[in-house]
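Enquirer: This is a predicted model, with the sequence first.
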Amino acid sequence: NAGVTQTPKFQVLKTGQSMTLQCAQDMNHNSMYWYRQDPGMGLRLIYYSASEGTTDKGEVPNGYNVSRLNKREFSLRLESAAPSQTSVYFCASGRQGNTIYFGEGSWLTVV
Amino acid sequence: AQSVTQLDSQVPVFEEAPVELRCNYSSSVSVYLFWYVQYPNQGLQLLLKYLSGSTLVKGINGFEAEFNKSQTSFHLRKPSVHISDTAEYFCAVSEPGGSYIPTFGRGTSLIVHP
């Protein structure tokens, strides 16, 4: 009963390095999301994908890119990491307007 | 555009006492409303949701919430809290017929003291 699986769980990057956060869901959901969570800021939407083949910017897209590889997978890429991107990242999936299901989170530190 | 305000960033309470976590939203259209809970070092999970119908919604772990359209509120309540209810609680709103993307509040930290 996997639900939403994201990897890696922890990562430390140096400023300027690149990395990709992977996310996969097994619930046949059309919509997938990437959020970041920072203290006192709640969850802020980075990018979302309403369906396979489409992606759109959210509230805080700068410095990130995404790929909806297929219906199951939605990856988030940091091309040149900055300390301001130190955060906890959550992938989520759901059906339009209804409950969304979250992964366990990825803790990223950029030094 | 929709928005969510959680009026308290932190709510301390003693075990077995009642608690209310407040949530107000703004939207020009009808809404779906959600409460999620996040335990330490975990992802968010759904507590309860309002899509339509009865304005009093019951969720898991003894929580309930009431949708009040005139006051644009969706406050979360529990009559008697337990230590294990200590967590971060997020209110969220989405607009059916719109983008459907949920907007989250900044969260309320519920701290239950023995």
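Expert: Cool, got the structure. Numbering: from 1, shown residues only, chains lettered A, B, ... in the order given.

Enquirer: Please look at residue A:36 and residue A:43 and confirm they touch.
Expert: Yes. The criterion here is Cβ atoms under 8 Å, and residue A:36 meets it with residue A:43 at 7.4 Å. C-beta coordinates here come from the backbone N, C-alpha and C atoms, glycine included.

Enquirer: show me where pLDDT drops low in chain B?
Expert: Counting by pLDDT under 70, chain B has low-confidence residues at B:97-99.

Enquirer: residues in it within reach of chain A, list them.
Expert: Residues of chain B that fall close to chain A, judged by Cβ under 8 Å from any Cβ of the partner chain: B:9, B:32, B:34, B:36, B:41-46, B:49, B:51, B:90, B:94-96, B:100-102, B:104-107.

Enquirer: Let's see which of those residues end up in helices.
Expert: Residues of those located in helices (DSSP state H): none.

Enquirer: Can you select the buried ones from the residues you listed in PyMOL?
Expert: Typed into PyMOL, the line below selects the buried ones among the residues of chain B next to chain A, using 16 or more other Cβ atoms under 10 Å in any protein chain shown:
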select buried, chain B and resi 32+34+36+43+44+46+49+51+90+94+95+100+101+102+104+105+106+107
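
Enquirer: and the residues of chain B next to chain A, which of them are in strands?
Expert: B:32, B:34, B:36, B:44-46, B:49, B:90, B:94, B:104 (DSSP state E).

Enquirer: near chain B, which residues of chain A show up?
Expert: Residues of chain A lying close to chain B (Cβ under 8 Å from any Cβ) are A:4, A:31, A:33, A:35, A:40-43, A:45, A:48, A:50, A:58, A:90, A:92, A:96-105.

Enquirer: I'd like to know which of those are buried.
Expert: Among these, those classed as buried by neighbour count (16+ other Cβ under 10 Å) are A:4, A:31, A:33, A:35, A:42-43, A:45, A:48, A:50, A:58, A:90, A:92, A:96-103, A:105.

Enquirer: Just the ones of those residues in strands?
Expert: Those of these lying in strands (DSSP E): A:4, A:31, A:33, A:35, A:42-43, A:45, A:48, A:90, A:92, A:100-102.

Enquirer: element containing residue A:16, please.
Expert: Using DSSP states H and E, residue A:16 is not contained in any helix or strand.

Enquirer: what's the burial count for the residue nearest to it when sequence neighbours are not counted?
Expert: The spatial neighbour of residue A:16 that comes closest, neighbours along the chain excluded (Cβ to Cβ, 6 or more residues apart in numbering or on different chains), is residue A:80 at 5.4 Å. By other Cβ atoms under 10 Å in any protein chain shown, the residues close to residue A:80 number 11.

Enquirer: show me the contacts for the residue of chain B most remote from its centre.
Expert: Outermost residue of chain B with respect to the C-alpha centroid, by Cα atoms, centre = their mean, is residue B:114; its distance is 23.1 Å. The neighbours of residue B:114, taking Cβ atoms under 8 Å, 6 or more residues apart in numbering or on different chains as the test, are B:14-15, B:83.
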